[in-house]
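Novice: Give me a model of this one.
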Amino acid sequence: DTPPTTKPFEPGDDLSKRIVCAKCGHAITHADARIERGGAHVHTRLNPSGISFVFGCFSEAPGAVLAGEPTAYYSWFHGYAYRLASCGGCTAHLGWRFEGESPFWALIFERLSGG
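Specialist: Numbering: from 1, shown residues only. This is a model prediction of the structure:
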C-alpha cells in the first residue's frame, strides 16, 4: 500500500510550491515552510566523515519520517539535538529534524525536487 504523493497537501493547495522526494515523488514539505536558522535558510555543513551537505531549513515536513533517538553529537546547531529524517514514501535519507527550543527540519536540496 503506497502512500499518496500529495499526502501533506489538501485540494486547492498551490501544488507548484510543493517539495517532493527526488527519488520517488512523495510530497515532503511546501515552499511556504522555508525558514531561517542561524541567520540563513541555506547552510553547507560537513559531517564527522567529511561528507558535505547543502540543506535548507523548514518549519515542517509532514511527508518525512524520523528514525532513532535525538543526539547532540556533532550537532551543527548549538543547543539542538537531531534525528535522521527520511522520505515517508521510499525511506530515502532526506536530512534531519533538529529538536530544541524552536524545532526545525534540515532537508538536503539534492534529494528534493520542486518548490
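
Novice: Show me the strands in this protein, by range?
Specialist: 18-21, 27-30, 34-35, 42-46, 52-58, 64-71, 81-87, 93-99, 104-108, 112-114 (DSSP state E).

Novice: deepest of the ones you listed, which one?
Specialist: Of those, the one with the most neighbours on average (mean count of other C-beta atoms under 10 Å) is strand 27-30, at a mean of 27. Just so you know, the C-beta spots here come from the backbone N, C-alpha and C atoms, and that holds for glycine as well.

Novice: same for that one, what does it pack against?
Specialist: When contacts are defined as 3 or more C-beta pairs under 8 Å, 6 or more residues apart in numbering; DSSP states H and E, strand 27-30 sits against strand 18-21, strand 104-108.

Novice: Is it possible to get JSON lines of those that adds distance to S49?
Specialist: Output for the helices and strands packed on strand 27-30, formatted as JSON lines (distance: least, C-beta to C-beta, whole Å):
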{"stretch": "strand 18-21", "distance to S49": "23"}
{"stretch": "strand 104-108", "distance to S49": "15"}
